[in-house]
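Visitor: next come a sequence and a model predicted from it.
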Amino acid sequence: MKTAQLESPTRTRKCLTEEQIENYNRDGFFFPHRVISESEAAEYRKKLENYEAAHQPIMKTAVRNKPHLVFTWINELIRDSRILDAVEDVLGPNILAWGTNFFIKEPHDDAFISWHQDSTYWGLSHPDVVTAWIALSHVTPDNGAMRMLPGSHLLDQLPHVDTFAEHNLLTRGQEVQVDIDESKTVDVSLEPGEMSLHHVRIIHGSNPNPTDTRRIGLAIRYVPTYVSQISGARDYATLVRGEDTHHNFQLEPAPKVDFGPDEMALHARIAEESFQILYRGTGREYPR
Ligand SMILES: O=C(O)CCC(=O)C(=O)O
């Protein structure tokens with residue numbers, strides 16, 4: 001399926017300029033775009049780190065994925081109009097948040113992300129998926145910023161090999177089977193409170209963090225409401241803007257409180273069903 005050159009130029013833009021949209025359509029990503037102030041980013045980071053101080057590092061927990069189901073502040077963030085205005089300029093007015101994931105690299109952390117296309121195992125019907133990747137710390141090439149291969153979103157879905165490599169933060173450690181010319185890649189440096197947008201087919205990855213500073217990103221996966229899950233599994237999403245006349249996903253409620261029993265039970269159920277989608281064909285079982 002051909003990837004979308006999204007949105008007709010006649011539609012009124014919410015916040016991105018024509019040039020910014022053209023850059024996104026040409027390169028498959030766009031940055032930096034400030035969506036929250038540095039002080040708001042610091043407040044969000046404090047909420048995250050308070051949770052981690054009371055529990056454990058979020059990257060070691062199941063709520064690293066779909067944290068918007070259990071943290072009220074993340075549920076507010078996925079609905080923030082400063083993010084959604086830019087996403088609407090790319091995807092149109094009816095928008096679901098399909099997923100959220102933390103990507104955190106601790107100081108001196110071996111964690112990395114192999115070169116990959118997000119679309120590989122997501123089971124979604126159309127490549128019309130935009131990730132808003134929000135920086136909650138300084139993100140630099142030194143501490144493991146994302147790296148993108150411009151224009152690679154225009155390629156079709158490419159074959160990947162699952163490595164399950166120990167420090168790879170991807171579900172299967174999947175790696176795209178093409179040679180990457182690293183001299184052509186772009187480092188996505190961001191200040192706290194800035195975001196990048198990237199296309200579901202862009203080839204991207206990131207290196208470990210050998211520095212003394214923590215590198216924190218929250219990825220929010222947005223889809224237009226016409227997208228559906230075609231793997232055969234039931235799937236879930238949160239309606240964050242406009243109307244859903246397609247009913248392709250079970251709509252998720254917002255958490256009423258942080259980590260309430262109902263919120264945790266819903267998260268566990270949805271996490272198990274997403275596991276079935278992401279690991280299909282591997283024979284792996286959901287960890288209980
Ligand atoms: O945070 C990273 O380094 C990579 C994140 C990523 O692969 C994604 O958001 O799609």
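Guide: Received, thanks. Computed from a predicted model, the values in this text were never measured in an experiment. Numbering: from 1, shown residues only.
Visitor: my read: Val161 touches Glu175, true?
Guide: Yes - Val161 lies in contact with Glu175 (C-beta atoms under 8 Å); the separation is 5.4 Å. Quick note: C-beta positions are derived from backbone N, CA and C, even for glycine.
Visitor: does whichever residue of the stretch 1-150 of the chain sits closest to the ligand count as helix, strand or coil?
Guide: In the stretch 1-150 of the chain, the residue that lies nearest the ligand is Phe103 (3.2 Å; C-beta to the nearest ligand atom). Counting by DSSP: H, G, I helix; E, B strand; the rest coil, the backbone at Phe103 sits in strand.
Visitor: which residues touch the closest residue in space to Asp212 that isn't next to it in sequence?
Guide: Nearest non-adjacent residue to Asp212, counting by C-beta to C-beta, 6 or more residues apart in numbering: Pro107, 4.9 Å away. Residues counted as contacts of Pro107 (C-beta atoms under 8 Å, 6 or more residues apart in numbering) are 209, 211-214.
Visitor: quick one, strands of the stretch 51-200 of the chain?
Guide: For the stretch 51-200 of the chain, strands defined by DSSP state E, counting those that start in this stretch occupy the ranges 95-105, 113-116, 130-135, 146-148, 160-162, 174-176, 186-188, 194-199.
Visitor: ok, which of the ones you listed comes nearest Val240?
Guide: strand 95-105 (5.0 Å; C-beta to C-beta).
Visitor: for the strands of the stretch 51-200 of the chain, give me JSON lines that also has distance to Lys66, mean pLDDT and mean neighbour count.
Guide: Below are the strands of the stretch 51-200 of the chain laid out as JSON lines (distance: least, C-beta to C-beta, whole Å; pLDDT from 0 to 100; neighbours: other C-beta atoms under 10 Å):
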{"stretch": "strand 95-105", "distance to Lys66": "6", "mean pLDDT": "98", "mean neighbour count": "24"}
{"stretch": "strand 113-116", "distance to Lys66": "19", "mean pLDDT": "97", "mean neighbour count": "21"}
{"stretch": "strand 130-135", "distance to Lys66": "14", "mean pLDDT": "98", "mean neighbour count": "25"}
{"stretch": "strand 146-148", "distance to Lys66": "20", "mean pLDDT": "98", "mean neighbour count": "24"}
{"stretch": "strand 160-162", "distance to Lys66": "22", "mean pLDDT": "94", "mean neighbour count": "16"}
{"stretch": "strand 174-176", "distance to Lys66": "20", "mean pLDDT": "95", "mean neighbour count": "22"}
{"stretch": "strand 186-188", "distance to Lys66": "23", "mean pLDDT": "98", "mean neighbour count": "19"}
{"stretch": "strand 194-199", "distance to Lys66": "19", "mean pLDDT": "98", "mean neighbour count": "25"}
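Visitor: can I get those in a markdown table with distance to Val70?
Guide: As requested, those are exported to a markdown table (distance: least, C-beta to C-beta, whole Å):
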| stretch | distance to Val70 |
| --- | --- |
| strand 95-105 | 10 |
| strand 113-116 | 24 |
| strand 130-135 | 18 |
| strand 146-148 | 25 |
| strand 160-162 | 28 |
| strand 174-176 | 27 |
| strand 186-188 | 27 |
| strand 194-199 | 22 |
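Visitor: Tyr24 touches Ile202, doesn't it?
Guide: No - if you go by C-beta under 8 Å, Tyr24 and Ile202 don't touch, sitting 10.1 Å apart.
Visitor: any figure for the gap between the residue nearest in space to the middle of the chain and Asp187?
Guide: A centroid search over the chain (C-alpha atoms, centre = their mean) returns Ala219, at 3.1 Å, as the residue closest to the centre. Look at Ala219 and Asp187: by C-beta to C-beta, to the nearest Å, they are 17 Å apart.
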